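> Using only what follows, build the 3D model:
(one chain, ligands or ions: 1)
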Amino acid sequence: MIKHYYWPTPNGHKTAIMLEEVGLEYEVCPVDILNGAQFNPEFIAISPNNRIPAIVDTEGPGGEPYAVFESGAILMYLAEKTGKLWPTDMAERYLVMQWLMFQMGNVGPMFGQNGYFQGYCPEDVPLAKERYYSVTQQLYSVLDRRLAESEYLAGANYSIADIATFPWTMPKQQEMHRIDGAQYPNVKRWGETIAARPAVQRGIAVLAQDMKVGNPTEETYANMFGDKQFQR
Ligand SMILES: N[C@@H](CCC(=O)N[C@@H](CS)C(=O)NCC(=O)O)C(=O)O
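Below is the predicted model:
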């Protein structure tokens, strides 16, 4: 059984979707990051950078409990455990890895900073806004070009690379990132195909009612972006 340490954010959605796709038995362990639950020592023992998602596989390698943090590593772990959503052929598998790393190293961090400076930063910082917005547009262009030539990011088949990227490009995210989805028709086609998958819909629905990042209070801001992050 998989214990899923989770909150309904784009990074959390990746592993929520994956668990639904592969059909492993799992238990949702909510980590309310708006109210500081990510700083509990028991959670930091599993996820040293106080970020969701994380998992504990109660029957990990050798039958022992095994903890995994970082969403990309969790997707790979669950793919390897179940033999699903990444190919066995080495050339094909490394295409999946490349697009997964593209998400982990570029899409996630840059879109995240764009969202922060567009929406949450208490000061208007035009240079940062412009910089992260431009990088976000450039990354959308890369995705759109790739999806013009390929059904899914890593080729003809849906994989963990798509699962990692999709939650960051959903309409709500595009709005937050000031992205006009109509400018990226291939991302749109791909996003609509993925959004129609029942497992994706079930994954996104987990704790959906608790997704209230919109207007942070002083306390939730401190937990997510401010002093609490740096106190330790
Ligand atoms: N690189 C990490 C990023 C995870 C991440 O940034 N998670 C956010 C939610 S989307 C979080 O837990 N934030 C809580 C905090 O910053 O304290 C991953 O992909 O797992």
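> quick one, phi psi at Ala45?
In terms of degrees, to the nearest 10, the main-chain angles of Ala45 are phi -60, psi -30.
> ditto for the one 5 residues further on
Listed backbone geometry of Asn50 is phi 40, psi 50, with angles given as degrees, to the nearest 10.
> What residues does it make contact with?
By C-beta atoms under 8 Å, 6 or more residues apart in numbering, the contact set of Asn50 is Gln38, Phe39, Phe43, Ile44, Gln229. (Each C-beta comes from the backbone N, C-alpha and C, glycine too.)
> State the pLDDT value of the residue of the chain positioned farthest from its centre.
Distance from the C-alpha centroid of the chain peaks at Gly62, with 28.4 Å (C-alpha atoms, centre = their mean). pLDDT for Gly62: 96.
> Contacts only, for Arg178.
Arg178 is in contact with Asn114, Gln118, Tyr133, counting by C-beta under 8 Å, 6+ apart.
> Nearest residue to Gly23 in space, please, no chain neighbours.
Leaving aside its sequence neighbours, Gly23 sits nearest to Thr82 (C-beta to C-beta, 6 or more residues apart in numbering; 7.8 Å).
> Regarding the chain, what is its longest helix?
Determined from DSSP state H, the single longest helix within the chain is helix 126-149.
> Can you spell out which helices and strands pack onto it?
Counting contacts by 3 or more C-beta pairs under 8 Å, 6 or more residues apart in numbering; DSSP states H and E, helix 126-149 packs against helix 108-115, helix 185-195.
> quick one: it to helix 108-115, angle?
In terms of direction (axes from the mean of the first three to the mean of the last three C-alpha atoms, to 10 degrees), helix 126-149 departs from helix 108-115 by 130 degrees.
> so helix 126-149 versus helix 185-195, what angle?
Orientation of helix 126-149 against helix 185-195 (the same axes, to 10 degrees) gives an angle of 80 degrees.
> can you map out the helices along the chain?
Under DSSP H, the chain gives helices at 10-22, 41-44, 71-82, 90-102, 108-115, 126-149, 160-165, 171-176, 185-195, 198-205, 218-224, 227-231.
> Pull out the buried residues from the third one.
Of the residues in helix 71-82, those with enough neighbours to count as buried (16 or more other C-beta atoms under 10 Å) are Ser71, Gly72, Ile74, Leu75, Met76, Tyr77, Leu78, Ala79, Lys81.
> Looking at the residues you listed, spot the one nearest Pro171.
When the buried residues of helix 71-82 are ranked by distance to Pro171 (C-beta to C-beta), Ser71 comes first, at 20.7 Å.
> Flag every buried residue along the longest helix of the chain.
Across helix 126-149, burial judged by 16+ other C-beta under 10 Å covers 128-129, 132-133, 135-137, 139-140, 143-144, 146-147.
> so how far is it off the chain centroid?
Helix 126-149 sits 17 Å away from the centroid of its parent chain (C-alpha atoms, centre = their mean, to the nearest Å).
> Just the angle for it relative to helix 90-102, thanks.
Relative orientation of helix 126-149 versus helix 90-102 (the same axes, to 10 degrees): 160 degrees.
> What lies in contact with helix 126-149?
Residues outside helix 126-149 that contact it (C-beta under 8 Å, 6+ apart): 99, 102, 106-107, 110-111, 113-114, 116-118, 121, 153, 165, 169, 177-179, 183-187, 189-190.
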